[in-house]
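Participant: how does the following fold in three dimensions:
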Amino acid sequence: MDKNETKVEIHNADSRDFFKDFDRREGDVVISDPPFNIKYHYEGYKDNLPKKEWLDLLAEVCAPPCVMILYPEMMFEFAARIGMTPTKCVSWVYPSNTPRQHRMVAWFGVTPDFTKVGQPYKNPTDKRVAKRIAEGHEARLYDWWEINLVKNVSAEKTAHPCQMPVEVMKRVVGITPCDRVLEPFGGSGTTLLAAKHCGKAAVGVEMNAEYCEIIEQRLQNPTESSP
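Facilitator: This next block holds a predicted model:
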C-alpha cells in the first residue's frame, strides 16, 4: 500500500466549496455526524437553516455511499431527500439526563461488516466467557450500542461544544468497507481520529479555524492517536 493511502488530513474550508471539485474515487465513503439544525451554538455556522436548505446541504456534501448519524426522524427525512433506503441501521443509545437518549447510524449505498469489530462481553465473570476473554475473544457486535456521550468530565473532552465519542466512530469506521473516509463536517475531529485508529486514509473539512486546530492537536496527540 502506498504510504499516502493512510494519510489523515483536515482542510479549513466550506465543504460545499471543497467537494465541488474534489476527486471522489471508488472506495471513498462519507462518514459524518453532521449539524442537526437544532440551533446549536457553533462558531461560524448558523445551525438553524430552513429545513429544505439543510437537507439540500446534506444531500450535496454527504452523497452516497455514506454513513450518517442523526436523530431517527431526521434520518427518515435525509433518506427521502436522497431517494434511498439504508442498507443497515444501528441504534446508538446513551443513558443521560437529556431530552433524547438515542441516535441512529445508517449506511446508504454501502453495507457494514459487523464481523470486523467486537465489543466487551456483558458477563465477564461467567466461567465460559472468562475463558474466551483469556483467549483474546470479544463478543460479536450487535446493532444496539450503549455508549456514553462525551461529557465535560470525560478524558477525551475538547473545547468543541458537541463532541462525538471516539468509541462510536471507531465502530462505524471499523465496520464500513472503504479505502478512504470523507468527513464534510470535521467538528472536533472524532471521525478523522477514528480513521487513524483503524488505519484508514481520511479527508476532513471544517469551516472554523479554531476547530481545525483542535483536530490537528488530537491527531498529533499520541494518547488519542494510538489504537
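
Participant: only C-alpha atoms for contact and neighbour calcs from this point on.
Facilitator: Noted.

Participant: which strands or helices does the lowest-mean-pLDDT helix or strand in the chain pack on?
Facilitator: Lowest on mean pLDDT, DSSP states H and E among the helices and strands of the chain sits helix 222-225, with a mean of 74. Helix 222-225 is packed against helix 190-197, helix 209-220, with contacts defined by 3 or more Cα pairs under 8 Å, 6 or more residues apart in numbering; DSSP states H and E.

Participant: need the contact partners of the last one.
Facilitator: The contact list for helix 209-220 (Cα atoms under 8 Å, 6 or more residues apart in numbering) reads 10-12, 158-160, 186-190, 192-193, 196, 206, 224-225.

Participant: let's see the ChimeraX selection covering just the buried ones among the residues you listed.
Facilitator: The buried subset of these, as determined by 16 or more other Cα atoms under 10 Å, is captured in ChimeraX by this line:
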select :10,11,12,158,160,186,187,188,189,190,192,193,196,206,224,225
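
Participant: out of the helices and strands packed on helix 222-225, which is the most enclosed?
Facilitator: helix 190-197 (a mean of 26; mean count of other Cα atoms under 10 Å).

Participant: then that helix to PDB, C-alphas only?
Facilitator: Written as PDB, here are the backbone C-alpha positions of helix 190-197 (Å, rounded to 0.1, in the frame of the first residue of the first chain):
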ATOM      1  CA  THR A 190     -13.500  12.400  16.100                       C
ATOM      2  CA  THR A 191     -14.300  10.800  12.700                       C
ATOM      3  CA  LEU A 192     -10.700  11.500  11.500                       C
ATOM      4  CA  LEU A 193      -9.200  10.200  14.700                       C
ATOM      5  CA  ALA A 194     -11.300   7.000  14.400                       C
ATOM      6  CA  ALA A 195     -10.000   6.600  10.800                       C
ATOM      7  CA  LYS A 196      -6.400   7.000  12.100                       C
ATOM      8  CA  HIS A 197      -7.100   4.300  14.700                       C
END
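
Participant: can you pull out the helices in this structure?
Facilitator: 15-18, 51-61, 72-82, 127-134, 166-175, 190-197, 209-220, 222-225 (DSSP state H).

Participant: so which of those helices comes closest to P120?
Facilitator: helix 127-134 (8.9 Å; Cα to Cα).

Participant: in the closest one, what counts as buried?
Facilitator: V129, I133.

Participant: which residues sit against that helix?
Facilitator: Y121, N123, P124, E138.

Participant: the last one contacts P120, correct?
Facilitator: When you say that, I think you mean E138. Yes - E138 is within contact range of P120, at 5.7 Å (criterion: Cα atoms under 8 Å).

Participant: neighbour count: those two, which is higher?
Facilitator: A direct count of neighbours by other Cα atoms under 10 Å for E138 and P120 places E138 higher, at 15 against 12.

Participant: and that one, how far is that from A130?
Facilitator: From E138 over to A130 the distance is 10 Å, taken as Cα to Cα, to the nearest Å.

Participant: one more: K170?
Facilitator: As judged by Cα to Cα, K170 and A130 stand 25 Å apart.

Participant: check A139 too.
Facilitator: Taking Cα to Cα, one finds A139 at 11 Å from A130.

Participant: can you pull the contacts of Y71?
Facilitator: Contacts of Y71 (Cα under 8 Å, 6+ apart): H102, R103, M104.

Participant: now tabulate these in a markdown table and tack on pLDDT, neighbour count and distance to D47.
Facilitator: Output for those, formatted as a markdown table (pLDDT from 0 to 100; neighbours: other Cα atoms under 10 Å; distance: Cα to Cα, whole Å):
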| residue | pLDDT | neighbour count | distance to D47 |
| --- | --- | --- | --- |
| H102 | 92 | 16 | 20 |
| R103 | 95 | 19 | 18 |
| M104 | 98 | 18 | 20 |
